[in-house]
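When you get a sec, could you give me coordinates for this:
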Amino acid sequence: MLLLRVSLVLSATLLVVAAAARTPVAECHGGATLTEAQIRADVSRSTELVARAEAATDGRRRASRQPVNLIDEEIFGAMKAAGVVPAPLSTDVEFLRRVTLDLTGQLPTPEEVDAFLADQRSNRRTLAVDRLLASEAFSDRWALFFGDLFRNTIQFGVASGPSARKNFHDYLRTSVRDGKPYDEMVRELITATGDARHNGPVNFVIRDFIFGTDPPQDTFDGLAVSTSNAFLGVNTFCISCHDGAGHTTELNSFLTSKKRAQFWESAAFFAKLRFGPSPGSPFDVAFAAEEDPAGEYETGTTSGNKAPRNPAVADGRRTIEPAFLLTGERPAPGEPRRAAYARMLTAHPQFARATVNYLWKEMFVLGIVEPVNNFDLVRPNQATHPRLLDRLGRAFAASGYNLRALLRMMALSEAYQLSASYPGEWKAEYTRLFARRFVRRLTAEEMHDAVSAATNVWIPIPIPSGDPVLRAGQLPDVVVPSDTQAPETRLLLDSFLRGNRKDTARSSELTLHQMLSLLNNSSVVAGRVESPQSRGRVMLARGDAPRDIVRALWSATLGRRPTAAEEAAALEAFTAATTQQQREEAVEDLQFALINKLEFLFNH
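Got it, this is the predicted structure:
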């Protein structure tokens, strides 16, 4: 049918964006990574293509107002100094869809869209943000984010089973829901002990436990890398095997100046940790962590995953005492090592700056520093807006490390609310200025849940050691559901590159596999679009007018009302249908086309 052919054309358009993908070029032994220039160029190119393709459906926009907070002071100040005009502000429907996805990972409901458009209050955007921040979906979305950051998974080779994995997820979600200060949460993660199935935060340190015949120093090294990466935005993996000089020159000048022995001093904070299996079912592996007063970080190892630890590298030292990599500070007399490390790390300005940058990327698509886990602490011009990063870090600390307060400031800024459509000629150098909204492809979980929300067909997803969930955004891990539990759901999620929380990161790349999944996956087509319980089919069965059905599908799928031309084209299909079966097919074709529309696949 006509709408089917239209959807295929729109999917082909999406592949034009996919063709813009770049390949990694910079690497150390820790693996290849995209450079800052590549990351920013890819996002700029994708945004220009998507915004241009969707320009025909734009609504009326208004120009930016005066800055409303410190973010706007810095972002618009930099643009003014560069003589660059920012994009106009987003429309109301664009803003609502954008901020709902960014803060909750879900689409706005048709009722929320209608209520927002009908609201004539001048502060309706502020009220919408506050409603989203208080929602249960907010807790789900950010528990998923921290699950990625802290690599909560049960894959082979990871010391965590289903019960421990769920326990960690529940801890993260509860911490977000209850507004636990982030520095407090991080200190709990670093210092935790106990059984992984009963103490959620201990899973963070157990996650790096290497069980087998490898020396414990490999585990301590892994913890030093994980904490530096997640909490400081500095990837120290390269200097865990060798000095930085000659190895990290193209990647990070700060690390180039560091010695492997200094990395061992970071790892030594964890040297008193000991791990062992917890009693229980062999099918639900779990471990426990405890403190060993006699534990030390010793050199002289020749086995395991790392290069031999030659004492000569540490000036002959056989035992390494802990020291904080950023300052050289050592624990106070009698102070437990991990408690000392947690204190030093969360008190250092880089902790706040790194956290701000991670969250900024989630909200603005690009970090102020890119890559977000490769801060070069001796290169001040690495950040696009160094003063903004410092001011946001100080504000985050002054708020008591309040995640909601930081995200609220971002969402309410004029800079966040800019349009993705840029009038006039867009130049790549404007990217570092954040002169427009950058688009991002929906994540795997967002895509699954968006299809469910558009059709209003929610199919429970099974979870080992837990109750089924309706939303993929509620899953505790990226390895569920299994192939035997819900193979088509698993296939759809994996096609959108959700990574594995072990050695494969999430990716926003666009692929042919993704397009084929939306066109053919049975959980999308037969399970939802063609279901008699789908939104359109239910409305048709109860005798709703075709115009009401068309508008409802547009609102539920794209978060906006159809344009006059779109509505007229869609109604033609109903006019041509003379039987109930043909009307059902018209509804299904319309829903199918909207799900495969370029606009649906991106948050912009």
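
Surely residue 451 touches residue 595?
Yes. If you go by C-beta atoms under 8 Å, residue 451 and residue 595 touch, sitting 6.0 Å apart. Quick note: C-beta positions are derived from backbone N, CA and C, even for glycine.

and for the two, which residues touch both?
Common neighbours of residue 451 and residue 595, counting by C-beta atoms under 8 Å, 6 or more residues apart in numbering, are 518, 524.

Distance from stretch 493-511 to the middle of the chain?
Distance of stretch 493-511 from the chain centroid (C-alpha atoms, centre = their mean, to the nearest Å) equals 11 Å.

now do stretch 146-159
15 Å.

got a list of contacts for that stretch?
With C-beta under 8 Å, 6+ apart as the criterion, stretch 146-159 contacts 160-162, 164-165, 168-169, 172, 176, 189, 196, 203-204, 206-207, 209, 211, 226, 230, 275, 285, 287, 358, 476-479, 499-502, 506.

Just the buried ones from these?
Neighbour-count burial (16 or more other C-beta atoms under 10 Å) applied to the contacts of stretch 146-159 gives 160-162, 164-165, 168-169, 172, 176, 189, 196, 203-204, 206-207, 209, 226, 230, 275, 285, 287, 358, 476-479, 499-501.

Just the ones in strands from the contacts of stretch 146-159, please.
Judged by DSSP state E, strands contain the following of the contacts of stretch 146-159: 275, 287.

Which members of the contacts of stretch 146-159 are positioned in helices?
162, 164-165, 168-169, 172, 176, 189, 203-204, 206, 226, 230, 358 (DSSP state H).

a markdown table for those residues, including pLDDT and distance to residue 75?
Output for the ones in helices among the contacts of stretch 146-159, formatted as a markdown table (pLDDT from 0 to 100; distance: C-beta to C-beta, whole Å):
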| residue | pLDDT | distance to residue 75 |
| --- | --- | --- |
| 162 | 88 | 44 |
| 164 | 91 | 42 |
| 165 | 92 | 39 |
| 168 | 96 | 36 |
| 169 | 96 | 35 |
| 172 | 98 | 30 |
| 176 | 98 | 27 |
| 189 | 98 | 32 |
| 203 | 95 | 38 |
| 204 | 96 | 34 |
| 206 | 94 | 41 |
| 226 | 97 | 32 |
| 230 | 98 | 26 |
| 358 | 98 | 18 |
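
May I ask which helix or strand encompasses the residue positioned nearest the centre of the chain?
For the chain, the residue nearest the mean C-alpha position is residue 145 (5.1 Å; C-alpha atoms, centre = their mean). Assignment of secondary structure by DSSP states H and E places residue 145 within helix 136-149.

Next, the buried residues of that helix.
Buried residues in helix 136-149 (16+ other C-beta under 10 Å): 137-149.

How far off centre is that helix?
9 Å.

That one - what's its average pLDDT?
Helix 136-149 shows a mean pLDDT of 98.

do the same with stretch 413-422
96.

end-to-end on it?
Stretch 413-422 has an end-to-end distance of 18 Å (criterion: C-alpha to C-alpha, to the nearest Å).

returning to what we had before: count of residues packed around the closest residue to the residue nearest to the centre of the chain other than its chain neighbours?
Ranked by C-beta to C-beta, 6 or more residues apart in numbering and with sequence neighbours excluded, the top spatial neighbour of residue 145 is residue 362, at 6.5 Å. For residue 362, the tally of surrounding residues (other C-beta atoms under 10 Å) stands at 18.

and the one helix or strand residue 362 maps to, what other elements does it pack with?
Taking DSSP H and E as the definition, residue 362 sits inside helix 349-364. Under the contact criterion of 3 or more C-beta pairs under 8 Å, 6 or more residues apart in numbering; DSSP states H and E, helix 349-364 touches helix 182-191, helix 216-232, helix 386-398, helix 403-412.

Wait, the residue nearest to residue 145 touches residue 102, no?
Yes. Contact criterion C-beta under 8 Å: residue 362 and residue 102 qualify, at 6.9 Å.

Can you name the residues that contact residue 103?
Residue 103 neighbours (C-beta under 8 Å, 6+ apart): 129, 132, 133, 138, 141, 407, 411.

and the nearest residue to residue 280 once chain neighbours are set aside, how many neighbours?
Nearest non-adjacent residue to residue 280, counting by C-beta to C-beta, 6+ apart: residue 286, 5.8 Å away. Using other C-beta under 10 Å, the number of residues around residue 286 comes to 23.

Could you do residue 82 as well?
12.

For it, give its distance to residue 418.
15 Å (C-beta to C-beta, to the nearest Å).

Contact partners for residue 527?
Contacts of residue 527 by C-beta under 8 Å, 6+ apart are 457, 459, 488.

Please spell out the PyMOL selection for the buried subset of these.
In PyMOL, this line selects whichever of those come out buried by 16+ other C-beta under 10 Å:
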select buried, resi 457+488
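
Adding secondary structure, distance to residue 390 and pLDDT, write the contacts of residue 527 out as JSON lines.
Below are those laid out as JSON lines (DSSP: H, G, I helix; E, B strand; the rest coil; distance: C-beta to C-beta, whole Å; pLDDT from 0 to 100):
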{"residue": "457", "secondary structure": "coil", "distance to residue 390": "47", "pLDDT": "98"}
{"residue": "459", "secondary structure": "coil", "distance to residue 390": "47", "pLDDT": "95"}
{"residue": "488", "secondary structure": "helix", "distance to residue 390": "48", "pLDDT": "94"}
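
Looking at the contacts of residue 527, which one is closest to residue 218?
residue 488 (39.0 Å; C-beta to C-beta).

ok, the closest one - contacts?
Neighbours of residue 488 in contact, by C-beta under 8 Å, 6+ apart: 521, 522, 523, 527.

Pull out the buried members of these.
For those, buried by 16+ other C-beta under 10 Å: 521, 523, 527.

and the first one, what pLDDT?
Read that as residue 521. If you check residue 521, the pLDDT there is 94.

That one and residue 493 touch, don't they?
No. Using C-beta under 8 Å, residue 521 makes no contact with residue 493, being 10.1 Å away.

per-residue confidence at residue 78?
Predicted confidence (pLDDT) at residue 78: the value is 97.

hang on, isn't it packed against residue 435?
No. Counting by C-beta under 8 Å, residue 78 does not reach residue 435; the two are 9.4 Å apart.

Compare those two (neighbour count), which wins?
Comparing residue 78 with residue 435 by other C-beta under 10 Å, the one with more neighbours is residue 435, at 23 against 18.

Next one: the more buried one relative to residue 519, how far apart?
Applying C-beta to C-beta to residue 435 and residue 519 gives a distance of 35 Å.

CSV for the buried residues of helix 136-149, including distance to residue 583?
Output for the buried residues of helix 136-149, formatted as CSV (distance: C-beta to C-beta, whole Å):
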residue, distance to residue 583
137, 34
138, 39
139, 41
140, 36
141, 37
142, 42
143, 42
144, 39
145, 42
146, 46
147, 43
148, 43
149, 48
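
which one of these is nearest residue 573?
Nearest to residue 573 among those, with distances taken as C-beta to C-beta, is residue 137, at 33.3 Å.

what sits against that closest one?
104, 105, 106, 471, 473.

again, 6 Å this time
104, 106 (C-beta atoms under 6 Å, 6 or more residues apart in numbering).
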